[in-house]
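1. Just need the structure, nothing else, for what follows:
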Amino acid sequence: MPTPTEAALLAALQSVVDPNTGEDFVTTRQLRNLRIDGGDVAFDVQLGYPAQSQFPALRKALVAAARSVPGVENASVNLSSVVVAHAVQRGVQLLPGVKNVIAVASGKGGVGKSTTAANLALALAAEGATVGLLDADIYGPSQPTMMGVQGQPQSLDGKSMEPLQGHGVQLMSIGFLVQPDQAMIWRGPMVTQALDQLLRQTNWKNLDYLIVDMPPGTGDVQLSLCQRVPLTGAVIVTTPQDIALLDARKGLKMFEKVGVPILGIVENMAVHVCSQCGHAEHIFGAEGGKKMAAEYNVDYLGALPLKLSIREQADAGRPTVVAEPDSEVAGLYKAVARQVAVTVARKAKDFSAKFPTITISKGT
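-> Model prediction:
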């Protein structure tokens, strides 16, 4: 039996393509530590985004490629995901304990933004990431209900709050601090200050991603958030309806003006399939979000259906990704989450932690 060579192995492994990026692991230098011991071969593959559900299929393909090389008797692959911090707006510092902050926004209410944010957070967690969810809608907090979490956050030092937990996701919302029927009759500066405290005085614990469920609209509160929160990028949620698209365009433009990259557009309530007869109908129009993505040259993350179970599961505190993890709709949310994570992984990394702190005093 001939001894396999490194060149032959790399050439064979180059045939395995990452289904999320369309690139092989050799060219992108994600394949590391190739070790050859006679007929035994071992190597590591490190992804920059979470994709636990795809590990078995990837491992099978990589092992098969390695064993196609003459002389290879056994092949073992160590697959892992390592999420790092990526660049944010200029002049905005990263949050302690948070690597990437992703805003989920819409120009108007009623398009399913909060449901999308909750399922996106849960999908990233299901793929192996450490995830937090901040409910930034002061006037209409919905994440405590959607995530099925009640109670008040504790403070261990009297200065900061511990996030609550729901389905493996760290949570914070003004809804945990006020009565459910209490109206927040606050002006813009008070809302902005409250959000800043929820964001910065929460002890987020080593998050790969913090999903921010943004309030609808493009007013003072939203603009202040975009300027003060270190955002890695934003996801725009819209329905195919022309009126929703008009407002979604305004939201997209707001992020562009403050230097926040658009990670993609999610088209919600794209099609309704009758539960009785199976007839599919585009109630709010067809492919409006897809056309908008093409118009602004941003990623189209996918279309989600208008389905009774999505609403029922969110109202019950168990969003689709945890209520029916193997369902078609949960698969759609996970596909959107992976695409968002892949786009984030391709962005420039944040190197601020590598620079020394410079202090200037009168004596120097």
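
2. in the helix ranked longest in the chain, what's buried?
-> Longest helix in the chain, counting residues (DSSP state H): helix 328-345. Buried residues in helix 328-345, counted by 16 or more other Cβ atoms under 10 Å: 329-334, 336-345. In this view, the C-beta of every residue, glycine as well, is placed from N, C-alpha and C.

3. from what I can see, Leu64 looks like it's in a helix, true?
-> One correction, residue 64 is Ala, not Leu. Yes. Counting by DSSP: H, G, I helix; E, B strand; the rest coil, Ala64 is found in a helix.

4. And for it, the neighbour number?
-> 13 (other Cβ atoms under 10 Å).

5. How about Gly22?
-> Gly22, neighbours per other Cβ under 10 Å, totals 7.

6. can you pull the contacts of the spatially closest residue to Gly39 that is not a sequence neighbour?
-> Ranked by Cβ to Cβ, 6 or more residues apart in numbering and with sequence neighbours excluded, the top spatial neighbour of Gly39 is Glu73, at 3.4 Å. Glu73 makes contact with Met1, Gly38, Gly39, Asp40, Arg67, according to Cβ atoms under 8 Å, 6 or more residues apart in numbering.

7. Return the per-residue confidence for the third one.
-> Right, the one you point to is Gly39. For Gly39, the pLDDT comes out at 88.

8. What sits closest to Ala248 if chain neighbours are left out?
-> Nearest non-adjacent residue to Ala248, counting by Cβ to Cβ, 6+ apart: Thr238, 3.8 Å away.

9. Wait, the one you found touches Ala105, no?
-> No. Assessed by Cβ atoms under 8 Å, Thr238 is found out of contact with Ala105, at 9.9 Å.

10. Surely Ser53 forms part of a strand?
-> No. Under three-state DSSP, Ser53 falls outside any strand and is assigned helix.

11. isn't it right up against Glu127?
-> Yes. Counting by Cβ under 8 Å, Ser53 does reach Glu127; the two are 6.1 Å apart.

12. Tell me which of those two has more neighbours.
-> Glu127 (20 against 15).

13. Contacts only, for the closest residue to the more buried one other than its chain neighbours.
-> Spatial nearest neighbour of Glu127, excluding adjacent residues (Cβ to Cβ, 6+ apart): Pro50 at 3.8 Å. Neighbouring residues of Pro50 by Cβ under 8 Å, 6+ apart: Ser81, Val83, Leu124, Glu127, Gly128, Ala129, Asp208, Arg338, Ala341.

14. Now for the second one, how many residues are close by?
-> Okay, so that is Val83. Other residues within reach of Val83, judged by other Cβ under 10 Å, total 21.

15. what residues are up against the closest residue in space to it that isn't next to it in sequence?
-> Distances taken as Cβ to Cβ, 6+ apart place Asp208 nearest to Val83, at 3.9 Å, with adjacent residues excluded. By Cβ under 8 Å, 6+ apart, the contact set of Asp208 is Pro50, Val83, Lys99, Asn100, Leu124, Ala129, Thr130, Val131.

16. same thing but 10 Å
-> Counting by Cβ atoms under 10 Å, 6 or more residues apart in numbering, Asp208 makes contact with 49-50, 81-85, 98-100, 124-125, 128-132, 341, 344.

17. Narrow those to those in helices?
-> Reading helices off the contacts of Asp208 with DSSP H, I get Leu124, Ala125, Ala341, Val344.
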